[in-house]
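K.L.:
here is a sequence together with a model predicted from it:
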Amino acid sequence: MMAVASSSSTTCPIELCMEAWAAGSSDPGAQDRAFLMENATGDGRSYLVRNLVCGGAYYGCFELVDVNAPFQPADFALVDYFGNLLSLVMPHQGRPQPTEEPLGPLRDLLDGRPVRPQVLGYALSKAGWRPDDPYFVARFGAAEPAEDAGARGQTVRLVAEVYPRARFFDDGDAALMVARDADYPLAALRARHAAHDVEKGAEPRFRAGFSSLFADFSLVRTAADQAALAYGLVDDAEAGGAFGSTLSCFYDDCWFEDVRLRLDLDADAAWLLDHAAVALARADAEDGAAYVETALAYLGNGCNASRTAEALFIHRNTLAYRLKRIKALSGIDLENPAAAGTDLLRVHLSCRLLAQGRR
């Protein structure tokens, strides 16, 4: 019985036992001889694994399973012979390793090196992209981070099969994916994340942080920084989530964390806090109310009463009462801010800071 790594719905044994595969040698992704994984999946079976490596590029692997009898030395020789034949064929297949060459100027920008607009535009045109195409950057890694370069290469290959029209760049312990919104709409990915659209019964295989949308490729480094921040918050209870087989976080859901870190608001936020929002927080503490939470939900839902009541799991009449109490206690008029001179942005930022300080 032979299993070949592919993009089908059947999970390859290597993907079920990545740690055992990584332990097969000091650099299993570069291993070009057959090696044995004994009882790797805990079912008593052993796998004879052979990578498909050619010219230093890793194209996948195949495995033999000891269903009927233990492996013999002749099996190792046969697997190596068959692997050598496949390695000659793989570079000529239609789905090669993810490559950076067509968009080399993006690599320069990601590394902080300047690129002339004409050079960038020419490189984008060769890839079929336009300088004003909306795009985003995602930082991808395995669900369980791997230190081994071969294991990281396997992760990139699998992600590239899901996003074949994107471009991938090495970024140390993870990979950066630059993708056009026209190819993979960011709003659709974020909607799946919000709906927790995951594969039933499947363990997460990847983790990813997604930037906001950009329309200027010269800012790709900024987009990558946003993706890195989101990547670091994948496990955050509030911002993190999942879709498909990917643990995920979107910068648009955690931008405030970026503001908080850049302004060092943990050390001193008093200069930014609106005194009226502080009065709300004080009322919450004294009365056991939820005025700050209500203000945040109301502003976060575009001042839409129906969506806010649904998000807070309360009746609309209860929401209306809370909004009136907020106005009476603090002077913050969320329903008619212009008439009361309420600065909604400052109120929103202040309530976010106050709510974060309670956690």
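P.N.:
Structure received.

K.L.:
the residue of the chain positioned farthest from its centre: what's it in contact with?
P.N.:
Residue farthest from the centre of the chain, counting by Cα atoms, centre = their mean, is A74 at 43.9 Å. Under the criterion of Cβ atoms under 8 Å, 6 or more residues apart in numbering, A74 has no neighbours. Bear in mind the C-beta positions are built from the backbone N, C-alpha and C, glycine included.

K.L.:
how far away is it from L48?
P.N.:
Distance of A74 to L48, computed by Cβ to Cβ, to the nearest Å: 11 Å.

K.L.:
go on, Y81?
P.N.:
Counting by Cβ to Cβ, the gap from Y81 to L48 is 13 Å.

K.L.:
and E203, by the same measure?
P.N.:
The value you get for E203 to L48, if Cβ to Cβ is used, is 24 Å.

K.L.:
work out for me the element L48 sits within.
P.N.:
strand 46-54 (DSSP states H and E).

K.L.:
centre of the chain to that strand, how far?
P.N.:
29 Å (Cα atoms, centre = their mean, to the nearest Å).

K.L.:
that strand pairs with which strands, parallel or anti?
P.N.:
With DSSP bridges as the test, strand 46-54 is paired with strand 35-38 (antiparallel), strand 57-65 (antiparallel).

K.L.:
now the element after the longest one, going C-ward?
P.N.:
Next along the chain after strand 57-65, taking DSSP H and E as the criterion, comes helix 73-89.

K.L.:
mind checking what helix or strand follows that following helix in sequence?
P.N.:
helix 104-110.

K.L.:
that next one: which residues count as buried?
P.N.:
Of the residues in helix 104-110, 105-110 count as buried by neighbour count, 16 or more other Cβ atoms under 10 Å.

K.L.:
for it, packing partners?
P.N.:
Applying 3 or more Cβ pairs under 8 Å, 6 or more residues apart in numbering; DSSP states H and E, we find helix 104-110 packed against helix 117-126, strand 167-170, helix 220-232.

K.L.:
how about a cut-off of 6 Å?
P.N.:
helix 117-126, helix 220-232 (3 or more Cβ pairs under 6 Å, 6 or more residues apart in numbering; DSSP states H and E).

K.L.:
circling back to that earlier point, more crowded one of Y81 and L48?
P.N.:
Taking Y81 and L48 together and counting by other Cβ atoms under 10 Å, L48 has the greater number of neighbours (20 against 12).

K.L.:
burial count for R192?
P.N.:
17.

K.L.:
swap that for S212, sorry
P.N.:
Neighbours around S212, by other Cβ under 10 Å: 16.

K.L.:
how about the one 4 residues further on?
P.N.:
Neighbouring residues of D216 were enumerated by other Cβ under 10 Å; the total is 13.

K.L.:
quick one: the strands in the stretch 101-250 of the chain?
P.N.:
135-142, 167-170, 175-180, 206-210, 241-243, 246-250 (DSSP state E, counting those that start in this stretch).

K.L.:
for the protein, where's the lowest mean pLDDT among helices and strands?
P.N.:
strand 2-4 (a mean of 41; mean pLDDT, DSSP states H and E).

K.L.:
if we can go back for a sec, which one of the strands paired with strand 46-54 lies closest to G341?
P.N.:
Of all these, strand 57-65 sits nearest to G341, with 62.2 Å by Cβ to Cβ.

K.L.:
now that closest one: mean pLDDT?
P.N.:
Across strand 57-65, pLDDT averages out at 74.

K.L.:
kindly report the same for stretch 318-334.
P.N.:
Here the average pLDDT along stretch 318-334 is 94.

K.L.:
likewise stretch 244-263?
P.N.:
Stretch 244-263 comes out at a mean pLDDT of 89.

K.L.:
quote the end-to-end distance of that stretch.
P.N.:
35 Å (Cα to Cα, to the nearest Å).

K.L.:
got the strands of the stretch 101-250 of the chain as a markdown table, with distance to Q118 and mean neighbour count columns?
P.N.:
As requested, these are exported to a markdown table (distance: least, Cβ to Cβ, whole Å; neighbours: other Cβ atoms under 10 Å):
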| stretch | distance to Q118 | mean neighbour count |
| --- | --- | --- |
| strand 135-142 | 19 | 26 |
| strand 167-170 | 20 | 20 |
| strand 175-180 | 20 | 23 |
| strand 206-210 | 30 | 25 |
| strand 241-243 | 38 | 21 |
| strand 246-250 | 33 | 25 |
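
K.L.:
I'd like to know which of the ones you listed is closest to L233.
P.N.:
Of the strands of the stretch 101-250 of the chain, nearest to L233 by Cβ to Cβ is strand 246-250, at 4.8 Å.
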